[in-house]
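Asks: sequence plus the predicted model coming up.
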Amino acid sequence: MANLVRDDEEQLIARSQRGDVNAFNQLVLRYQQMTYGAVLRMLGDADVAADITQDAFIAAFRGISSFRGGSSFRGWLLRIASNLVCDHWRKIQRHPVESLEVLTDEDEPHSASDIGALVETGQGKNPEEYLLSQELQELIQRGLQELPLDQRIAVVLCDIQGLSYEEIATTTQATLGTVRSRIARGRARLRNYLYQYRELLPRNYRLHTNTD
Amino acid sequence: MPKHDDRHLTTTQLSAFIDKELSEQELAVCNAHLETCQQCQSALAGLKQTVAFLQALPEPALPRSFALSDRFTYLQERPEPQGEQQARANPPVRRRSGGYYVQRSLRVASTIAAVIGLVFLLSGLLPMLPHGESTSNGGSAPSASSEQRPSLVRPGITSTSSAATATAQKAVSADQHGTPVRTHISSPTPGTGNAALTPTHIKGAPNQSPSKNTSTQPSLPVLDLGTPLGRQEAGFTLLVLGIVGVLLTRRRQRERENQH
């Protein structure tokens, strides 16, 4: 089954390389959720993320002749997208009109009642069991945006997109050691950010879910 | 080699430990240390929790489909040995296609201008042709055109030379104003125009009259479409502009094609 999908994908890529927009659009349908999700987590702004996702697919179609079969199309797309994210980031850093400041000014979580003790020991927890409240999602997103861009991209690719260190190294054109340290520093920083709000939250998330 | 228990694990080690991205040797060190170190255990737990939160983030709803429009032409690049710069190559798509449309519309506009110009030129020419054969009674349009020039140049003269032929008038006005003498004016004597010569004179006139008028009368309206002369002038200008426009856009297109 997985092989079938891969063969199919290779055919679609080959047709796209001959200029077939319809074939490429099948790839778009397959990967747009993943691409948009990654870009949105990297930037936090839905409109900008949509624009960059669109630009990424246009750039991908234009440059698809340079895509080599065998490597991961997903990783290649993510590289295009994260390059565009970097370009955008540099642009708004040069003209820091609104962007981040506005978002981080109001850091206070509105309602803390249903957010767990964020950094309490949580060994053995199954991630799938989490159903994050809207507030907690926003808090995590804000925490992500606090990270330096290279750490943010590495963390998003690793923990949200599930890429291996090696894939991230290829995607971000960095060495394995750099990737490792970016992920570690990003996670630690995000942990510290979330930790600030621990005082506002119920002490023991685990206990809370157990008593339910 | 440091002892396991007296040196805490770094964040990088803990983070890579979560992802199982440690070498066997590092993994052994970490496991041994974590067995005994409460502090590193809780640091690890904090990182794990953070990762778990990130993994639990739901996929955002797509705002729209990002499929490309099949009506739009996305210029694809030639295959290159390296695919490094492709990611940044997005903006030129639009710029190039935008330029293409601008150029395309410029060319269409130039062609239209040239055609209109030609029509104007011909519409100015046509009424003059029959005028040469019938000098005596003269249609309304030709007589208007013949009288237009002197009246524009100097109104006082027209009253005296109302019955004269077109050539005579032209010759007189040319002489009086001291304008550069044209080829056909130098031969006949003023006053009585040779009937056989008139058609050729008049045919020659439309081409030369604009230059004469502009030289003698700087304040002449540029686009006086009410008169055949004005139409000719406008037509001539449009024709020239149109031809220049077509030539320019064609050359630019050829350059562009060479680039690809």
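Replies: Received, thanks.
Asks: what about B:Leu9, which SS state?
Replies: The assignment at B:Leu9 comes out as coil when based on DSSP: H, G, I helix; E, B strand; the rest coil.
Asks: now it, nearest residue through space, not along the chain?
Replies: What sits nearest to B:Leu9 in space, not counting adjacent residues and going by Cβ to Cβ, 6 or more residues apart in numbering or on different chains, is B:Cys40, at 4.9 Å. Quick note: C-beta positions are derived from backbone N, CA and C, even for glycine.
Asks: tell me how many other residues crowd the one you found.
Replies: For B:Cys40, the tally of surrounding residues (other Cβ atoms under 10 Å in any protein chain shown) stands at 19.
Asks: okay, and it sits in which element?
Replies: Under the criterion DSSP states H and E, the helix or strand holding B:Cys40 is helix B:38-56.
Asks: CA atoms only: put that helix into CSV for me.
Replies: Taking Å, rounded to 0.1, in the frame of the first residue of the first chain, the C-alpha atoms of helix B:38-56 are listed here in CSV:
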residue,chain,number,x,y,z
GLN,B,38,16.5,13.1,40.5
GLN,B,39,17.4,16.5,39.1
CYS,B,40,18.0,15.2,35.6
GLN,B,41,14.9,13.1,35.7
SER,B,42,12.7,16.0,36.4
ALA,B,43,14.5,18.1,33.7
LEU,B,44,13.9,15.3,31.3
ALA,B,45,10.2,15.1,32.4
GLY,B,46,9.8,18.8,31.7
LEU,B,47,11.2,18.5,28.2
LYS,B,48,9.1,15.4,27.6
GLN,B,49,6.0,17.3,28.7
THR,B,50,6.9,20.2,26.4
VAL,B,51,7.3,17.8,23.4
ALA,B,52,4.0,16.1,24.3
PHE,B,53,2.2,19.5,24.2
LEU,B,54,3.7,20.3,20.8
GLN,B,55,2.7,16.9,19.5
ALA,B,56,-0.8,17.4,20.8
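Asks: and that helix, what does it pack against?
Replies: helix A:134-146, helix A:176-195, helix B:11-18, helix B:24-36 (3 or more Cβ pairs under 8 Å, 6 or more residues apart in numbering or on different chains; DSSP states H and E).
Asks: buried stuff in it?
Replies: B:40-41, B:43-54, B:56 (16 or more other Cβ atoms under 10 Å in any protein chain shown).
Asks: now, which of those sits nearest A:Gly44?
Replies: The nearest member of the buried residues of helix B:38-56 to A:Gly44, counting by Cβ to Cβ, is B:Leu54 at 13.9 Å.
Asks: find the nearest non-adjacent residue to the closest one, please.
Replies: Using Cβ to Cβ, 6+ apart and skipping residues adjacent in sequence, the residue nearest B:Leu54 is A:Asp159, 3.9 Å away.
Asks: measure the one you found to A:Leu190 for me?
Replies: According to Cβ to Cβ, to the nearest Å, A:Asp159 stands 9 Å off from A:Leu190.
Asks: one more: A:Phe73?
Replies: Note on A:Phe73: its distance to A:Leu190, by Cβ to Cβ, is 29 Å.
Asks: go on, B:Ile243?
Replies: To A:Leu190, B:Ile243 is 67 Å away according to Cβ to Cβ.
Asks: A:Thr170 now?
Replies: Taking Cβ to Cβ as the measure, A:Thr170 falls 24 Å from A:Leu190.
Asks: the two: which has the busier surroundings?
Replies: Neighbour comparison, A:Thr170 and A:Leu190: the larger count goes to A:Leu190, with 24 against 18 (by other Cβ under 10 Å).
Asks: list the residues that contact the more buried one.
Replies: By Cβ atoms under 8 Å, 6 or more residues apart in numbering or on different chains, the residues touching A:Leu190 are A:Ile140, A:Gly143, A:Leu144, A:Glu146, A:Leu147, A:Val155, B:Thr50, B:Leu54.
Asks: also B:Leu54?
Replies: A:Ile140, A:Val155, A:Asp159, A:Ile160, A:Leu190.
Asks: give me the domain ranges for the chain.
Replies: The chain I'm using is chain A. Here the domain parsing of chain A from automatic domain parsing is A:1-97, A:107-212.
Asks: my question was about chain B
Replies: Listed by automatic domain parsing, the domain ranges of chain B are B:1-45, B:119-252.
Asks: and those, which one's lowest on average pLDDT?
Replies: Comparing the domains of chain B by mean pLDDT, the weakest confidence falls on domain B:119-252, with a mean of 54.
Asks: now the angle from the helix holding B:Cys40 to helix B:24-36?
Replies: In this structure, helix B:38-56 runs at an angle of 110 degrees to helix B:24-36, with axes from the mean of the first three to the mean of the last three Cα atoms, to 10 degrees as the basis.
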